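Undergrad: Next input, structure requested:
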Amino acid sequence: MKKKVISALLCAAVAGSMLAGCGAQQAAAPAAEPAAAPAATEAAAPAAEPAATEEAAAEEAAPAGDEGKVLNIYCWNEEFKSRITDHYPGYEEVDGTHGKMGDVDVVWNITPSDDNAYQNNLDETLLKQESAAADDKIDLFLVEADYALKYVDTDYAMALKDLGITDADVSDQYEYTQKIVTDSNGNLKGSSWQACSAGLIYNREAAKEIIGSDDPADVQAAVADWSKYKETAAKAAEKGYTMCSVNDTYRTYSNNVSGKWVQDGKIVIDPNMENWVNDSMELVEKKAENTYDLWGDDWAKGKKPEGKIFCYFGPAWFFNFCLDADQDGTIANQGGWGFCEGPQAYYWGGTWICAATGTDNASLVKDIILTMTTDKAVLKEIATADADCVNSKSVLADLAGSDDGNLDLLGGQNPYAELAKGAEGIDLSNLSPYDQGCNEEFQASMKNYFEGNASKDDALAQFYKAVEEKYTGLSH
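TA: Purely as a prediction, here's the structure:
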């Protein structure tokens, strides 16, 4: 069985590199992932055999005891590190990549997601997990929704129940956050402190100028569906504003599809993705939307009034990490944003903590997961200090009903009732291992169409070719 697991991972690695992150979310096989996904799924059970025998398996599970002296955490950016530094009781920072938890040295292995580097590094290290020296073994690693299945459906990620974490411990979490990290055998293999329901984040001054009001209810009425959104976009263009980038709206459309990207081995473009293409092209031609890449310099200009952008689309983590509230001259610094649901409910992102099979710090790993994702006092602290939407129904209900949930960057608006409602309604029935690769290639191909560098048919051909090369065995 051990050989089957390693073989599956190696196949994924050959296909691209084996396991992935938020902007470049492929896995060793995201380049070919799904091709690897099935393989990884087959190995899911086998993976349980990192020891190849029951005796070896027991050695890895039980010892996960507490003799470990080094806690290795693998992630792709500073977010989780900042959460631990600011909110985990007793954590001591030593330097940028080292800390202390009691007598245990904490080592942060941070590899950016660019070009799939994070997943490549994680995959390579997980493949060596069984034979690695105790101080070199991965103890915790983080995953994102787009590629979580690739990891949780192998035995390289521990079931939380094997750490002693019970259903009761996580009962206050939103169901969708657990489905994302549940393997094909029904085992929960990760936990998140975030609930990433999302909405439309609008420029209040622009709203007053374009629709005559910055009240969330009035703005929501003006963008209540895509038809209303396009009407408002036309008004925005007349006033010299751009609504946003076509890439800002993408997740809203892609979260509301009627089927999976791949069905019976064939790539299927959902009608709602066709809607995104057609609506986006219409608005680009009217100069009501642009084609800027997310996180780029041109895209970021909308953070300031002179950027003349009406809105961004995003979840609560977007407030803290993307709007630059601490910088003079930004709209967020002036409390100038507002929040509403937008044309369709959706979610975006999130980070899940997984325990690596073979950890020799099981008790500490368990405590970190419980503290950071289920402790209500800690979660409320994260929400109020970091403007994050946390994975606790009771904490969000508390925030929604008190001034503790009012956010300065939103002009004092409290978004938590809307965010909680959105988290309850998230539907993951069309989530698949192919999402990351298909979403990335579809956006990249359609950008050529939107910018006049390819016909729609040529852009579609480019998309199909890229996906079929990434995931061998697929057709359209």
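Undergrad: Where do the strands of this structure begin and end?
TA: 70-75, 91-95, 98-101, 104-110, 140-143, 197-203, 262-263, 266-267, 311-315, 337-340, 346-347, 352-355 (DSSP state E).
Undergrad: In contact with residue 321, which residues are there?
TA: residue 79 (Cβ atoms under 8 Å, 6 or more residues apart in numbering). All C-beta spots, glycine's among them, are computed from the backbone N, C-alpha and C.
Undergrad: With residue 397 instead?
TA: So residue 397 contacts residue 420 (Cβ under 8 Å, 6+ apart).
Undergrad: before we move on, back to that, looking at the strands of the chain, which has the lowest confidence?
TA: Mean pLDDT is lowest for strand 346-347 out of these, coming in at a mean of 92.
Undergrad: Which residues outside it are in contact with it?
TA: By Cβ under 8 Å, 6+ apart, strand 346-347 touches 176, 196, 197, 198, 251, 252, 255, 256, 315, 422, 423, 426.
Undergrad: Mind doing that once more with 6 Å?
TA: 196, 197, 198, 251, 252, 255, 426 (Cβ atoms under 6 Å, 6 or more residues apart in numbering).
Undergrad: what lines up beside it in the sheet?
TA: Its sheet considered, strand 346-347 pairs with strand 197-203 (antiparallel) by DSSP bridges.
Undergrad: returning to that earlier point: closest to residue 400 out of the contacts of strand 346-347?
TA: If you rank the contacts of strand 346-347 by distance to residue 400 using Cβ to Cβ, residue 197 comes first, at 12.7 Å.
Undergrad: and the residue nearest the centre of the chain, how far is that from residue 404?
TA: Nearest to the geometric centre of the chain sits residue 349, at 2.2 Å (Cα atoms, centre = their mean). Using Cβ to Cβ, to the nearest Å, we find residue 349 at a distance of 24 Å from residue 404.
Undergrad: what residue ranges in the stretch 1-150 of the chain score low on pLDDT?
TA: 1-66 (pLDDT under 70).
Undergrad: the domain parsing of this structure - what is it?
TA: Listed by automatic domain parsing, the domain ranges of the chain are 2-195+350-374, 197-348+405-424.
Undergrad: before we move on, the earlier item: so which of the strands of the chain is nearest residue 440?
TA: Closest approach to residue 440 among the strands of the chain is made by strand 266-267 (13.6 Å; Cβ to Cβ).
Undergrad: residues in contact with the closest one?
TA: By Cβ under 6 Å, 6+ apart, strand 266-267 touches 467, 474, 475, 476.
Undergrad: what's the distance between it and the middle of its chain?
TA: 24 Å (Cα atoms, centre = their mean, to the nearest Å).
Undergrad: So which of the contacts of strand 266-267 sit within helices?
TA: Applying DSSP state H to the contacts of strand 266-267, the entries found in helices are residue 467.
Undergrad: so can I have a markdown table of the contacts of strand 266-267 showing distance to residue 189 and pLDDT?
TA: Below are those laid out as a markdown table (distance: Cβ to Cβ, whole Å; pLDDT from 0 to 100):
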| residue | distance to residue 189 | pLDDT |
| --- | --- | --- |
| 467 | 27 | 97 |
| 474 | 26 | 96 |
| 475 | 32 | 96 |
| 476 | 32 | 96 |
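Undergrad: Which of the contacts of strand 266-267 are buried, as a PyMOL select command?
TA: Typed into PyMOL, the line below selects the buried ones among the contacts of strand 266-267, using 16 or more other Cβ atoms under 10 Å:
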select buried, resi 467+474
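Undergrad: In the contacts of strand 266-267, find the pair that's most separated.
TA: 467 and 475 (9.9 Å).
Undergrad: about what we covered before: residue 437 is nearest to which of the domains of the chain?
TA: domain 2-195+350-374 (5.2 Å).
Undergrad: quick one on the thing from earlier: the residue nearest to the centre of the chain and residue 197 touch, don't they?
TA: No: using Cβ atoms under 6 Å, residue 349 is not in contact with residue 197; the gap is 10.6 Å.
Undergrad: follow-up on the earlier one: dump the contacts of strand 346-347 to TSV, plus neighbour count and distance to residue 122.
TA: Below are the contacts of strand 346-347 laid out as TSV (neighbours: other Cβ atoms under 10 Å; distance: Cβ to Cβ, whole Å):
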residue	neighbour count	distance to residue 122
196	27	21
197	27	27
198	27	26
251	21	24
252	23	29
255	19	26
426	20	26
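Undergrad: Now the residue nearest to the centre of the chain: closest residue in space that isn't a chain neighbour?
TA: Leaving aside its sequence neighbours, residue 349 sits nearest to residue 196 (Cβ to Cβ, 6 or more residues apart in numbering; 5.0 Å).
Undergrad: Report the contact partners of that neighbour.
TA: Applying Cβ under 6 Å, 6+ apart, the residues near residue 196 are 315, 347, 348, 349, 350.
Undergrad: pLDDT value on the last one, please?
TA: On the pLDDT scale, residue 350 is placed at 91.
Undergrad: Alright, calling it a day.
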